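Engineer: here is a sequence with its predicted model. Questions after.
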Amino acid sequence: MPGPTLSNARFHILVVEDEDLLREAICNSLIEDGYQVSQAASVDESMRILQTTVIHLIVLDLLLPGRDGFDFIRDLKASPETRKIFIIILTARDAIPHRVLGLDLGADGYMTKPFALSELKARIRAQLRQISEPPPPPTPVIVFAAVVPGGFLQFSRLRLEKAKRITYLQDEGKIWSLVSLTQREFDILWFLAENKGEAKTRAEILSAIDPEMGEEKTYVLENTIDVHIHNIRRKIGPLWIQTVYRIGFRFVDPYE
């Protein structure tokens, strides 16, 4: 198992948890691994620590006395001084809407209690590695291959090719790059894009990407659509898919 290293000592982690025994257990384990560690039991206490300490990562409970963890994330992401701090949510709230909200607000990970301490520390290592990793190599120029008519959807800065489930995105400098979507994410994006401007329910999306799915299974899996939509927005940007209140989602071209 990973133990203390000189590189770990470069990082300062803040553990925000109102359960004293749990907070102490997490902090002690991180200290054993060589990290600098601070701890707090509330948002107000955390803010005081951030005023005097450079924090690289926060392990955050949501159910806190006074202001909750969601409010804390909003404050962190609204400030230029704290918006780049990594945040891993650790909470008893396991409902999908809570997961989606936390990730949409800017959290980098979401874990539910009970949890494995080894997994939490692995997630912490994965986030902190990004600080010291070299930048990715330049993106190669994309040359589109010929495709059969109707086999692709072309928008101002987005292109989908159905046969190979390939997605391209154009940046501000008009450079096209390949976007890595899972098969399910691509199928959802293709269905919405093919019906551009039309609001689609979660049930309609599931039915389109898996026509043989039974009604009972469809009902159970509808909420997973929100997670897929969150992942798609994270990869291509939030403007392409709109949330339609009490209905579902709609694809638009924001650059038209």
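Structural biologist: Here it is on my side, so go on. Remember, predicted model here, so these are calculated numbers, not experimental data. Residues are numbered from 1 along each chain as shown.

Engineer: all strands for the protein, in order.
Structural biologist: With DSSP state E as the criterion, the chain has strands at 12-16, 36-40, 57-60, 86-91, 109-112, 152-154, 158-161, 166-170, 176-179, 200-201, 241-244, 248-251.

Engineer: ok, the fifth one: who's next to it in the sheet?
Structural biologist: The one in question is strand 109-112. Strand 109-112 has the following sheet partners, assigned by DSSP bridges: strand 86-91 (parallel).

Engineer: and the strand it pairs with with strand 12-16, angle?
Structural biologist: Put simply, strand 86-91 runs at 30 degrees to strand 12-16, going by axes from the mean of the first three to the mean of the last three C-alpha atoms, to 10 degrees.

Engineer: can you lay out the strands of the chain as a markdown table showing distance to residue 102 and mean neighbour count?
Structural biologist: Glycine gets a C-beta too; all of them are placed from N, C-alpha and C. A markdown table is the format used below for the strands of the chain (distance: least, C-beta to C-beta, whole Å; neighbours: other C-beta atoms under 10 Å):
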| stretch | distance to residue 102 | mean neighbour count |
| --- | --- | --- |
| strand 12-16 | 14 | 22 |
| strand 36-40 | 18 | 19 |
| strand 57-60 | 9 | 26 |
| strand 86-91 | 5 | 23 |
| strand 109-112 | 5 | 18 |
| strand 152-154 | 31 | 15 |
| strand 158-161 | 27 | 20 |
| strand 166-170 | 25 | 19 |
| strand 176-179 | 23 | 16 |
| strand 200-201 | 24 | 18 |
| strand 241-244 | 16 | 16 |
| strand 248-251 | 19 | 21 |
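
Engineer: distance to residue 48 added to those, as CSV?
Structural biologist: Below are these laid out as CSV (distance: least, C-beta to C-beta, whole Å):
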stretch, distance to residue 48
strand 12-16, 11
strand 36-40, 8
strand 57-60, 14
strand 86-91, 18
strand 109-112, 25
strand 152-154, 51
strand 158-161, 44
strand 166-170, 41
strand 176-179, 41
strand 200-201, 46
strand 241-244, 36
strand 248-251, 41
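
Engineer: possible to save these as a markdown table with distance to residue 67 and mean pLDDT?
Structural biologist: Shown next, in a markdown table, are these (distance: least, C-beta to C-beta, whole Å; pLDDT from 0 to 100):
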| stretch | distance to residue 67 | mean pLDDT |
| --- | --- | --- |
| strand 12-16 | 11 | 95 |
| strand 36-40 | 12 | 94 |
| strand 57-60 | 12 | 96 |
| strand 86-91 | 15 | 95 |
| strand 109-112 | 19 | 94 |
| strand 152-154 | 44 | 90 |
| strand 158-161 | 38 | 92 |
| strand 166-170 | 37 | 91 |
| strand 176-179 | 36 | 89 |
| strand 200-201 | 35 | 93 |
| strand 241-244 | 25 | 94 |
| strand 248-251 | 31 | 94 |
